[in-house]
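Chemist: How does the following fold in three dimensions:
(one chain, ligands or ions: 1)
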Amino acid sequence: MARLAVCKGCGKSLQPDEKHIHNSKSYCSDCYSSIKRYSEEYKSLIEFICVNFELDKPTGIMFKQIKELKDEFNYSYAAMTYTLWYCKEILNKTLDKKYGMALIKYYYDEAREYYEQQERLKNQVAKLENSTVITRKIKQSNSKRNNSVSLINLEKY
Ligand SMILES: [Zn+2]
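Modeler: All right, here's what the predicted structure looks like:
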C-alpha cells in the first residue's frame, strides 16, 4: 500500500483525490485554498505598492516592514493593502517611498473601522434589497392564495 501524503499545512493524511500541490508540497483542500488566497493577497499587495509608490518592485525596507507587520502585528496582506488604499484614497495621503509601509501601523485601526462601517452599510443595503424582494414575493404568493381562495369559493357556490 502506498504511503499517504500528509498536508504540509495541518498535518492531515491525504487521500490521493484530496491532494493539492503547491510549490511541490501537498496540501488538503482547506489549506490549499487558504494558501492560494494568501499568495493572491500577497501579489495584490506587491502590485499595489509598485503602482502607487511608482516602483518596479518594493524596496528591501518595504519587504522588511511587510514581514514585520505580518509577524509582529499579525496583519493580513489584504489588510495592509486596504490600509494603504485607505490612506491614499480616503485620507489623500501621499504614499512616499521614504516612509514606505510605516503608514500602515498608524492607520490600520482607522482603516479597519472604515472598512467595517462600509461593510455594515453594504449589509444594510443588501438587507433593504432583500426585504423588498421578500415583500414582492409575499405579495405574489398572497395574490396567488387569493386566487385559489376565490376558486374554492367559486366551487362552493
Ligand atoms: Zn491541511
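Chemist: quick one: buried residues of the host helix or strand of Y38?
Modeler: Taking DSSP states H and E as the criterion, Y38 maps to helix 29-52. Across helix 29-52, burial judged by 16 or more other Cβ atoms under 10 Å covers 31-32, 35, 41-42, 45-46, 48-49, 52. Bear in mind the C-beta positions are built from the backbone N, C-alpha and C, glycine included.
Chemist: so A5 makes contact with K19?
Modeler: Yes - because the distance of 5.5 Å satisfies Cβ atoms under 8 Å, A5 is recorded as touching K19.
Chemist: where does F73 land in three-state SS?
Modeler: coil (DSSP: H, G, I helix; E, B strand; the rest coil).
Chemist: Roughly how far does it sit from C7?
Modeler: 27 Å (Cβ to Cβ, to the nearest Å).
Chemist: Which one's more surrounded, these two?
Modeler: C7 (20 against 12; other Cβ atoms under 10 Å).
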